[in-house]
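**Student:** Give me a model of this one.
(4 chains, ligands or ions: 6)
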Amino acid sequence: MVTRDQIVEWLKLVARVLEENKDYLTKLDAAIGDADHGINMDRGFKKVMSQLPSVQDKDIGSILKTTGMALISSVGGAGGPLYGTLFMRAGMAVANKYELTDEDLVHMWEAAVEGVIQRGRAQPGDKTMVDALLPAVEAMKKALEEGADTVEILRRGVAAAEKGMKDTIPLQARKGRASYLGERSIGHQDPGATSSYMLLKALLDVVSKEAGEEETSSE
Amino acid sequence: MVTRDQIVEWLKLVARVLEENKDYLTKLDAAIGDADHGINMDRGFKKVMSQLPSVQDKDIGSILKTTGMALISSVGGAGGPLYGTLFMRAGMAVANKYELTDEDLVHMWEAAVEGVIQRGRAQPGDKTMVDALLPAVEAMKKALEEGADTVEILRRGVAAAEKGMKDTIPLQARKGRASYLGERSIGHQDPGATSSYMLLKALLDVVSKEAGEEETSSE
Amino acid sequence: MKKLINKPETFVRESLEGMALAHPDILKVHFDPTFVYRADAPVKGKVAIISGGGSGHEPLHGGFVGKGMLDAACPGEVFTSPTPDQMLEAAKTVNSGEGVLFIVKNYSGDVMNFEMAADLARAEGIRVLNIIIDDDVAVKDSLYTQGRRGTGTTVLAEKIVGAAAERGYDLRRLADLTRKVNMNGRSMGMALTSCTVPAKGTPTFDLGEDEIEIGIGIHGEPGRERMKWRPADEITELLALSIIEDPPYTRTLREFDEEKGEWVEVELTDEPFKAGDRVIAMVNGMGGTPIAELYVVYRKLAQICEDKGLTIVRNLVGNYITSLEMQGVMITLLRVDDEMVELWDDPVLTPGLRWKA
Amino acid sequence: MKKLINKPETFVRESLEGMALAHPDILKVHFDPTFVYRADAPVKGKVAIISGGGSGHEPLHGGFVGKGMLDAACPGEVFTSPTPDQMLEAAKTVNSGEGVLFIVKNYSGDVMNFEMAADLARAEGIRVLNIIIDDDVAVKDSLYTQGRRGTGTTVLAEKIVGAAAERGYDLRRLADLTRKVNMNGRSMGMALTSCTVPAKGTPTFDLGEDEIEIGIGIHGEPGRERMKWRPADEITELLALSIIEDPPYTRTLREFDEEKGEWVEVELTDEPFKAGDRVIAMVNGMGGTPIAELYVVYRKLAQICEDKGLTIVRNLVGNYITSLEMQGVMITLLRVDDEMVELWDDPVLTPGLRWKA
Ligand SMILES: Nc1ncnc2c1ncn2[C@@H]1O[C@H](COP(=O)(O)OP(=O)(O)O)[C@@H](O)[C@H]1O
Ligand SMILES: Nc1ncnc2c1ncn2[C@@H]1O[C@H](COP(=O)(O)OP(=O)(O)O)[C@@H](O)[C@H]1O
Ligand SMILES: [Mg+2]
Ligand SMILES: [Mg+2]
Ligand SMILES: [Mg+2]
Ligand SMILES: [Mg+2]
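**Tutor:** Ligands and ions are numbered 1, 2, ... in the order given. Predicted coordinates:
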């Protein structure tokens, strides 16, 4: 179970984590992209934060759709439409809800990541955020089937995302700017996969904290 | 007495001296101008050399006028019209002559330098070639009046030019590019005064060599 | 980093404000969301042409807004795609009822943002088609990459399609024309120096004192090859031959199918240049190159085209699609037919390109 | 030194050859001696306007040859005045019998070479008048220097006087108009970076990583003052106020007196700007500055002019008179009357400036 307030807390934590990791993400993007991913995401979540007060009393679907719209209109680049779509689709998947069952939660991520793939047409292995997101969704689905609780579902999702993120290092990019580098993209961790991992990790942190567990550092 | 052949020798020596001092003159011009005086003068006298064969059997006036035209059409910048005028006026002053008496010689330089002043409107002390040329003419006139021989006339002219050249160092430029530097032009030797000195020195070298005297280095 | 800016955060906005002040007769600038649009928009009976992309490529795109070219341009932050709300607002402002054509450079960010914008605009009842420009032969394959980048041909497409819109072509015909321009245009660029993105403050890449980068993108993306400096003629030959001898290139691009009401993948293959072709040639400075050097390149390009049997019927030499203050050059060749040449010659009145007006 | 050239010795020539190839409809280039001239020269019944100077300032002057502007331009080596034989041949080629006006920037080399050329041309029966442009307020006094340098006003003068020649003004009236433009135009520039003369191969001056030079000439001559980098608005204010608040300036220039048949010294004093003046404003890039930055400068300049009661009636923002790849900006303000504005608006068709044609 994830509450509306936890979703709000989550978005705030994401904003904080992205601010803290702005330079780190930008550095990753400098290696194989155009050195703006951290700047873009930070700008986007600042916008999200500025709009949050006006929607945080609404349902989770509205909050997430507003988040998506804020990202779409402020991030730009590839990250903007991708993360915008992620949150829009997530919001649409849980419209009118004030709390999410574990089924809702997993369904929400499934729909969200489906949206990302539709938007960006990246395949797994293309060295993009999909390489963190898709394994996470699959792990969460599996955990749900196996009857894991909310924290455990998210924990498995985060673990899969982290592995997927790290596994982007040896890959050669086939989508986004990094693809122009050809073989020179090998050996670098994908910035989008990294920010995706951070997103999931922040949700786990919020949920597990309220479940009485210790918060771990987010990087 | 200066012969037609000596004039031809002189021009050849000037071409050689300027080629050797191309970098030196350019370096002087870099300090207070636009770093091209040596390049310009060398280009000009290369052109003179290429035309010399076709006129070296003519009278001195023609040779000098051809030299002036060659400089005018190839040097450019401030140096082109000034040295072009110098040789044109020199040539006009000794038209149709195959040899120059000492009177002719001094008169030739007087007319030549008058042309430079008319063209450039520089006053003595403006930190230009005039500061080498004008004292030289005055010294040669005085030497002639005092009954000095050709070599002595030229020797005194060269000495005055050398002093004038060195005396440009403490001056603040009031003509040409160097004038934009204001006080920052102080402390540098004027490139045009330096090339003027070289011109006179080369003539002395040619004439004194034929007079059985030892040639001295030209820089 | 020394630039004529106040601070990185306000650079794009202040530059646009300056442009609006300088050309009030030609264009206006709207902020929040940001877009540049024709002073006389919407133009009755005319399909609106909109483009956009990251800033830092000026005059592209804002400098090509005006009679005979773009109705609106959506500038993002430096080298960052603009956002769909910009394009949506721009579309609403300049649409006269005849629909809107989005001309989009093939960068993942641009492509996705313009697709979202098109969806949003359609949801508001505006007819929109997106056509992608992907002309940079420095990118070899499309299977293992994002595909070719959109570069110099964009400028030529905006001019030609803008003229056609002015003549009253309908939306579908304009989309077809844009696709045709794209299929006949090829570009390749090189850099002598890097550029510095204001927000970053340090050069995007390091080039040694005697190194050059061949096949560079317009954002300082790495090129095909780094090599020692060589004379302009050799560089020109390298670029020109890469373009002229480029084999047929097949790519899959996404377009909106109005009958089906959905995005479909379209496979397109272009034809290489061949003797007898007529071309428009552009020698484009990357921002920091003196025009005198661009003419040195044009001289050699003209010789090469003559050798290869290509007739240059029109040309552009100057800064049209740039990478901030980067020094370097991009060559674009566009195979043209009579229709394209006629449209090229039509009047244009924009800050960046102007004739007969 | 990394440049898009083959070698320094052939740079000017190859660049001109490229220009001739790119614009055969507008101009031709003659070599030995070198000059650029209108493709349709001599134009019957029209006084010919000729300018020239060292190369490296492109598009000035060769890029301003064409209908409505110059009949011919004489390019020297980079930053070196051209020679009188170039001007003489150019004059002979473009003179239609109505005489020739030489527009000369106030550098000792240019002035002397154009004077010699005028004498030579007159000796061949061609009527010639020389008018000097000296508009650079960075040079304070004329008593102890060569006087003010000719900079941005030259571009505006060539446009306005070119239009007047096209309208049929006679030589004397054109000379008067050129002098009037000069007396109403003032400029000042600054550099963020040095330029590198190809023949020299190293930067003309050294500027520290955070230093700028204010009051620079167009050859990398030193300016008034070297200072730490500051925001574009402050730089713009510095330049604009130096121009707007410049006190009356008196100079002695040499002109040819046709009645007397000899060169005479003319003393001229200009009037400072005052509230209510209408001006043409030019924000000119020094060659390596992105146009987006020039618009940042224009934005502030427009504000300052408004504050000072000056109305900008026309403007130019771009690279018009440059110093190779130097980064920096020059501001020119020209006080105009109705006649000058009308002439400004007349058609012009040159590689560097084009409208209504
Ligand atoms: N087509 C795509 N599908 C999925 N993710 C993508 C795609 N293109 C790029 N990305 C992701 O976007 C990230 C870069 O985002 P960002 O730097 O914000 O955009 P841009 O590349 O436009 O500057 C990449 O690291 C990658 O994970
Ligand atoms: N008005 C002038 N009268 C006399 N000599 C001058 C004048 N202006 C410049 N000069 C001389 O010309 C020299 C510079 O020549 P040069 O470098 O060839 O020309 P430029 O200054 O055009 O590059 C100066 O050192 C100075 O001696
Ligand atoms: Mg990026
Ligand atoms: Mg010099
Ligand atoms: Mg980006
Ligand atoms: Mg010079």
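**Student:** quick one: buried residues of the stretch of helix or strand A:Asp104 belongs to?
**Tutor:** Assigned by DSSP states H and E, A:Asp104 falls within helix A:102-120. When neighbours are counted by 16 or more other C-beta atoms under 10 Å in any protein chain shown, the buried residues of helix A:102-120 are found to be A:102, A:104-117, A:119-120. Quick note: C-beta positions are derived from backbone N, CA and C, even for glycine.
**Student:** what's near enough to touch the spatially most central residue of chain C?
**Tutor:** For chain C, the residue nearest the mean C-alpha position is C:Thr154 (2.9 Å; C-alpha atoms, centre = their mean). Under the criterion of C-beta atoms under 8 Å, 6 or more residues apart in numbering or on different chains, the neighbours of C:Thr154 are C:Ser51, C:Leu60, C:Ile103, C:Lys105, C:Ile133, C:Asp135, C:Ile321.
**Student:** can you tell me how far it sits from chain A?
**Tutor:** 17 Å (C-beta to the nearest C-beta, to the nearest Å).
**Student:** So which residues of chain A form strands?
**Tutor:** Along chain A, counting by DSSP state E, strands occupy A:2-3, A:99-100.
**Student:** The first one packs against which elements?
**Tutor:** In terms of contacts (3 or more C-beta pairs under 8 Å, 6 or more residues apart in numbering or on different chains; DSSP states H and E), strand A:2-3 is packed against strand A:99-100.
**Student:** So what touches the helix or strand encompassing C:Glu14?
**Tutor:** Element membership for C:Glu14 (DSSP H and E) is helix C:8-22. When contacts are defined by C-beta under 8 Å, 6+ apart, helix C:8-22 is touched by residues C:3, C:5-6, C:27-29, C:31, C:34, C:36, C:55, C:58, C:62-63, C:75-78, C:198-199, C:201, C:351, D:232, D:292-300, D:302, D:315, D:317.
**Student:** cutoff 6 Å now
**Tutor:** Outside helix C:8-22, the residues within contact range by C-beta atoms under 6 Å, 6 or more residues apart in numbering or on different chains are C:5, C:29, C:55, C:198-199, D:292, D:295-296, D:298-299, D:302, D:315, D:317.
**Student:** again, but for stretch A:20-39
**Tutor:** A:42, A:177-178, A:181, A:185, A:188-189, A:191, A:194-195, A:219, C:79-80, C:200, C:219.
**Student:** and which of the residues you listed is nearest to chain B?
**Tutor:** Set against chain B, the nearest of these by C-beta to the nearest C-beta is C:Lys200 (35.3 Å).
**Student:** got the contact list for the closest one?
**Tutor:** If a contact means C-beta under 6 Å, 6+ apart, then C:Lys200 has A:Ala35 as its contacts.
**Student:** so it, which of the three states?
**Tutor:** coil (DSSP: H, G, I helix; E, B strand; the rest coil).
**Student:** quick one on the thing from earlier: by pLDDT, give me the weakest of the contacts of helix C:8-22.
**Tutor:** Of all the contacts of helix C:8-22, C:Ala199 has the smallest pLDDT value, namely 86.
**Student:** Neighbours of it, how many?
**Tutor:** The local packing of C:Ala199 (other C-beta atoms under 10 Å in any protein chain shown) involves 17 other residues.
**Student:** what's near enough to touch A:Met165?
**Tutor:** Contacts were defined as C-beta under 6 Å, 6+ apart; by that measure A:Met165 touches A:Ala132, A:Ala193, A:Thr194, A:Tyr197.
**Student:** who's in contact with the third one?
**Tutor:** Listed by C-beta under 6 Å, 6+ apart, the contact partners of A:Thr194 are A:Leu28, A:Met165.
**Student:** Read off the pLDDT value for it.
**Tutor:** Listed pLDDT for A:Thr194 reads 98.
**Student:** Run through the strands of the stretch 201-350 of chain C in chain order.
**Tutor:** Per DSSP state E, counting those that start in this stretch, the stretch 201-350 of chain C has strands spanning C:211-214, C:225-228, C:250-257, C:262-269, C:278-285, C:311-318, C:328-335, C:348-349. These are given in chain order.
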